[in-house]
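**Q** give me the fold of what follows.
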Amino acid sequence: MGKEEKDIELEGESCPAQEEKPDYYEQLIRLKAEFDNYRKRTERERSQLVAFGAEQVLLSFLPLYDAMVKAEGEIKKTGHGDAKYLQHGLDIIFKEMKKVFSDNGVIPMESLGKPYNAMEQEVLTMLPCNGEKDGFVVEEVQKGFKVGDRVLRHAKVCVGKAPEESAEKNAEEEIADKKENSAKKK
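**A** Below is the predicted model of the structure:
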């Protein structure tokens, strides 16, 4: 038997490896796609973890920020001559803190005078007000902050509430109206 005869015999026979070849190729393509999805998912999760870690660090700075706001307010109230140096130091620290916040996408939320928003604010108390400020933030106790579109810390606020007329007053007015109407009919 010559070489050509062997080749002809092999070509006529069906080899199991030849039959499974398309299946192996499909499995390879599927595994490659799964691996690409895995790689993308792990990169996304890693970036989310980094962002979460940065948020936690920034969140730890907020009490310091609050203390400095309070200290600055006290210094401005007292107005002592020596306080101007302390005020200058606080101004420098504030400037640096605001820069760190800005560089990391931390944005203070403006609440005062705006309608109450449960997604950004936490109500500490309701304060009596005229009807125009009903449901609006009338006092900001603690500033809220955002990182991008996510709330880092909710603002702590006092919301205005228009005084409600008491049920007794309404009942008295109804009785008085009925008496007037019955007196007019007589």
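
**Q** and this protein, what are its domains?
**A** Dividing the chain into domains by automatic domain parsing, as the record does, gives the ranges 12-104, 107-186.

**Q** from the contact counts, what lies against whichever strand or helix holds residue 56?
**A** Using DSSP states H and E, residue 56 maps to helix 16-78. For helix 16-78, the elements it packs on are helix 83-103, strand 145-147, strand 150-153, judged by 3 or more Cβ pairs under 8 Å, 6 or more residues apart in numbering; DSSP states H and E. All C-beta spots, glycine's among them, are computed from the backbone N, C-alpha and C.

**Q** now, of the domains of the chain, which is deepest in the fold?
**A** Highest mean neighbour count of the domains of the chain: domain 107-186, a mean of 14 (counted as mean count of other Cβ atoms under 10 Å).

**Q** leaving out chain neighbours, which residue sits closest to the residue nearest the centre of the chain?
**A** Centroid-nearest residue in the chain: residue 151, 2.0 Å away (criterion: Cα atoms, centre = their mean). Once flanking residues are discounted, residue 151 sits nearest to residue 120: 5.8 Å by Cβ to Cβ, 6 or more residues apart in numbering.

**Q** go on, residue 158?
**A** Residue 158's closest residue in space is residue 139 (Cβ to Cβ, 6+ apart), at 4.0 Å.

**Q** returning to that earlier point: need the contact list for the residue nearest to the centre of the chain.
**A** 109, 119-120, 144-145 (Cβ atoms under 8 Å, 6 or more residues apart in numbering).

**Q** and it, what pLDDT?
**A** At residue 151, the model reports a pLDDT of 93.

**Q** just list whatever residues bridge to it.
**A** Beta-bridge pairing of residue 151 under DSSP bridges involves residue 146.

**Q** sorry, back to before: so which of the helices and strands packed on helix 16-78 is nearest residue 22?
**A** For residue 22, the closest of the helices and strands packed on helix 16-78 is strand 150-153, at 48.3 Å, according to Cβ to Cβ.

**Q** pLDDT weak spots in the protein?
**A** Within the chain, the segments meeting pLDDT under 70 span 1-19, 79-81, 83, 165-174, 176-186.

**Q** and with 90 instead?
**A** For the chain, the stretches with pLDDT under 90 are 1-28, 31, 34-38, 41-106, 129-135, 148-149, 161-186.
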